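Enquirer: coordinates only, sequence not included:
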């Protein structure tokens, strides 16, 4: 007999004379002559209640059916006389698949700290909180694919291994097959002559440049893949490996870009609110009481939109002791971003037209010669959720911007080719998937929205 | 005015008094007093025909509207009197966005070799063939997500950076922030003490072990992400970076696993046949005349299923000069796999129950003590498309298999914990996404289904 998922049993329209469910026991309560099991199979947050009475042939094994044990249950789906559940299962056959010793199984009923659970990341998908977080992660990813496909975008895989450094900055991981003891430097040529790719190779920090190449043929594309930063900082907001979504749109300007970012954020939040109500409710109840209010505001109200110059004026007028002083030309820090979204606008805000000095070479120079057509979406409690721009499509301007940044135009011959041949206005952005998930769940540490997070000195599992 | 995508203009239900289209000119033909443009914007294979006559104010620029140039067109969508197209656009305003010099733009009308196009991978998305390949890639990826979601699977992101070597084999890329000149060996401890993660770190060759951990909580999961092999071989079938889909299912055995692999393959092929008819037709017409027949057989007929032992008997009975001799116990080579699928069964075949010596430690030992519950899906022209197994869920058997393979059980403490606490029968497989795309398109070189392929000494773009 095929197993029925717990989510389907709980949502049944009618009783069933026989069904099979499998799962892990969350709790067992014994009464005289029978036991109640709360069974979870990961398909949803809720458990199904199973009643096993002493007439079940294998009833004697029930003493080993502890929290964490795995079982296979044959039984009848009947209306539950109990409160808080429509259906329960009257067990006719019980099979103990795997025990979980009460002395050594770490996930006993009591509540555990996030810090402790990170040390047993291999088991935390069996808890309510992390099960919910990873189901939301899955559904949010699906919403992203659906959003772009409905709008005529193509999903593209840009390379993870790269010989170039997109942002001209960022600490990158080197990828190599050379011995750790050190490469032998060839008499002519460089260290990397004998490396796998014959030159220095790194893990990508962004798929943007390659996404642009693809957008120049396919029109509208997006990436959704892992990205890496070798930043040696232990903060709740940084991981060495995280996922990014990077749309790139031909024939689009900075305003189209802002519209796309706002529309996408709203779409994903709305989708998750509709499809993960139970899981979201766990976070709204136990992690962040203001979560639902913030998400509802985000979906309903238009995002605020200001220029960088207006944002600086707002920050200067604020009566705040900034850790990083505010002047026109400074980069916005998280404290500034959060103030704008959280306290000033009390909703997401899009800041555009940043000083060119603090932004990357590929961002389109505005008429004023001082600012570039960059735009960041800032949201309460997170700060920057999206960073994007219209791209510089004018070959001569782009070349001089590359030189201004102290880089070589030769290294970007293929990128410049797209401006040389049939160049078009275009725009795009990057959204950190984990930031989106932190916004969606109220989880405050990035390590808790990634199944197996990678941070300095931490690569277990 | 918002731009209309060419695909939508071509599929219009009625004429339109005014619309805007943008794109790249594939060809221009001039007549007395007017010109025809074939315009493509990447949204589909087909171009839309645009008629620009001399009354258009900017008509004099038409001489610079060469193959490869980008334009913005305002005009009227009217029924086309010409053959082979329902609609065409009568241009009222023409804007030349970007020129493409006829002397230097490499993609002139003539046909180019695949080898040449790889050297300009940044421009090949603008060709019919690669545009089609990457649109199919996108749609196949979407079909995969839809398939699993409809069946209650959760999409999980397993780590790319790993401290472990899943298969206990395979050449891995090392990831490091140590200097290339060589790390200094600390007096105590090893070379990696000062590396980013404090120990040797590599790029993953498979997300399976972590997917198992997640399936042990969420029930049914799948990964879809990049995977790496530092194999120094230049073949049409190997790339250093490729994408894999790895489902993992709790409470499932080898037969469920075979069913899932067959069902998934059929679903994706059917979806692409339905949603990418024009793009597929290009490959059926110009790349592989037998493509559609093979895909139709794959969708319609049940896959053949044999044991490894039966497969060996078939191979021994075949009158073939094998490069690799066939004996019970040998690993199947591509020539054997292709013979079984292409010549013997003339359709996909699933081979199961391989000798334990040639398979990984985590595959479930069969009753005979000699074979493991492994299964490979072999398809015509490709060979292995899917490799999977039921996993060894018995702690004691798994531990002794790890030791038999000369590895340390301590390295797998977290993996073994899932067998220690609430272990369950489970199964999964890995499918190479690029192999699937080669099967779908008839493309014979893996470099031509990846936008920017990575192979030894090749990391351009």
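Expert: Perfect, I can see it now. Bear in mind that the values here come from a model prediction, so they are computed numbers and not experimental data.
Enquirer: Do you have the helices of chain A handy? List them.
Expert: Per DSSP state H, chain A carries helices over the ranges A:6-10, A:114-119, A:128-150, A:208-218, A:254-275, A:277-286, A:291-300, A:308-317, A:334-338, A:395-404, A:413-420, A:433-441.
Enquirer: Out of those helices, flag the one nearest residue B:403.
Expert: Closest to residue B:403 of these is helix A:114-119 (CB to CB; 26.0 Å). Heads up, the C-betas are built off the backbone N, CA and C, glycines and all.
Enquirer: Count the neighbours of the residue in the stretch 201-350 of chain A positioned nearest to chain B for me.
Expert: Residue nearest to chain B within the stretch 201-350 of chain A (CB to the nearest CB): residue A:217, separated by 2.8 Å. Residue A:217 sits with 26 neighbouring residues when counted by other CB atoms under 10 Å in any protein chain shown.
Enquirer: That one and residue B:27: what is the separation?
Expert: Residue A:217 sits 16 Å away from residue B:27, taking CB to CB, to the nearest Å as the criterion.
Enquirer: try residue A:5
Expert: 55 Å.
Enquirer: who has more neighbours, the two?
Expert: Taking other CB under 10 Å, residue A:5 and residue B:27 do not tie; residue A:5 has more neighbours (21 against 14).
Enquirer: how close does that one get to chain B?
Expert: 5 Å (CB to the nearest CB, to the nearest Å).
Enquirer: what's near enough to touch the residue nearest to that residue when sequence neighbours are not counted?
Expert: For residue A:5, ignoring the flanking residues on the chain, the nearest one in space by CB to CB, 6 or more residues apart in numbering or on different chains is residue A:43 at 4.1 Å. Residues near residue A:43 by CB atoms under 8 Å, 6 or more residues apart in numbering or on different chains: A:5, A:6, A:7, A:8, B:152, B:218, B:219, B:220.
Enquirer: Show me how chain A divides into domains.
Expert: A:6-98, A:124-179+A:190-448 (automatic domain parsing).
Enquirer: so of the ones you listed, which one's packed in deepest?
Expert: domain A:124-179+A:190-448 (a mean of 20; mean count of other CB atoms under 10 Å in any protein chain shown).
Enquirer: Can you get me the start-to-end distance on that domain?
Expert: 10 Å (CA to CA, to the nearest Å).
Enquirer: For residue A:33, see how far away residue A:60 is.
Expert: Counting by CB to CB, the separation of residue A:60 from residue A:33 is 13 Å.
Enquirer: quick one: the nearest residue to residue A:322 once chain neighbours are set aside and residue A:387, what's the gap?
Expert: Spatially, and ignoring its direct neighbours in sequence, residue A:322 is nearest to residue A:335 (6.3 Å; CB to CB, 6+ apart). Distance of residue A:335 to residue A:387, computed by CB to CB: 17 Å.
Enquirer: same deal with residue A:146?
Expert: In terms of CB to CB, residue A:146 sits 23 Å off from residue A:387.
Enquirer: Which residues of the stretch 201-350 of chain A lie near chain B?
Expert: A:201, A:203, A:210, A:213-214, A:216-220, A:225-226, A:228, A:230, A:232, A:240-241, A:243, A:250-251 (CB under 8 Å from any CB of the partner chain).
Enquirer: In strands only, show me the residues you listed.
Expert: A:203, A:220, A:225, A:226, A:228, A:241, A:243, A:250 (DSSP state E).
Enquirer: Tabulate the residues you listed (TSV), appending distance to residue B:457.
Expert: Shown next, in TSV, are these (distance: CB to CB, whole Å):
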residue	distance to residue B:457
A:203	19
A:220	33
A:225	24
A:226	24
A:228	22
A:241	26
A:243	29
A:250	32
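Enquirer: Between the two ends of stretch A:356-364, how far is it?
Expert: Taking CA to CA as the criterion, the two ends of stretch A:356-364 lie 9 Å apart.
Enquirer: Any idea what residue A:87 is bridged to?
Expert: Beta-bridge partners for residue A:87, by DSSP bridges, are residue A:79.
Enquirer: isn't it right up against residue A:12?
Expert: Yes - counting by CB atoms under 8 Å, residue A:87 touches residue A:12, with 5.9 Å between them.
Enquirer: So out of everything in the stretch 101-250 of chain A, what residue is nearest chain B?
Expert: For the stretch 101-250 of chain A, CB to the nearest CB, closest residue to chain B: residue A:182, 2.1 Å.
Enquirer: From residue A:176, how far off is the nearest residue to that residue once chain neighbours are set aside?
Expert: Excluding the flanking residues, the one nearest residue A:182 by CB to CB, 6+ apart is residue B:182, at 2.1 Å. Residue B:182 sits 12 Å away from residue A:176, taking CB to CB as the criterion.
Enquirer: Please apply the same query to residue A:307.
Expert: The value you get for residue A:307 to residue A:176, if CB to CB is used, is 44 Å.
Enquirer: residue ranges with poor pLDDT in the stretch 101-250 of chain A?
Expert: A:165-170 (pLDDT under 70).
Enquirer: one more time with 50
Expert: A:168 (pLDDT under 50).
Enquirer: The residue of the stretch 201-350 of chain A closest to chain B touches residue B:42, doesn't it?
Expert: Yes - with contact defined as CB under 8 Å, residue A:217 reaches residue B:42; the gap is 5.3 Å.
Enquirer: Now for the two: what residues contact both?
Expert: With CB under 8 Å, 6+ apart as the test, residue A:217 and residue B:42 both reach B:125, B:126, B:131.
Enquirer: Show the contacting residues for the nearest residue to the second one once chain neighbours are set aside.
Expert: Think residue B:126. Take residue B:126 and drop its neighbours on the chain: the residue closest to it by CB to CB, 6+ apart is residue A:217, 4.1 Å away. For residue A:217, the contact set (CB under 8 Å, 6+ apart) comprises B:24, B:42, B:123, B:124, B:125, B:126, B:127, B:130, B:131, B:134.
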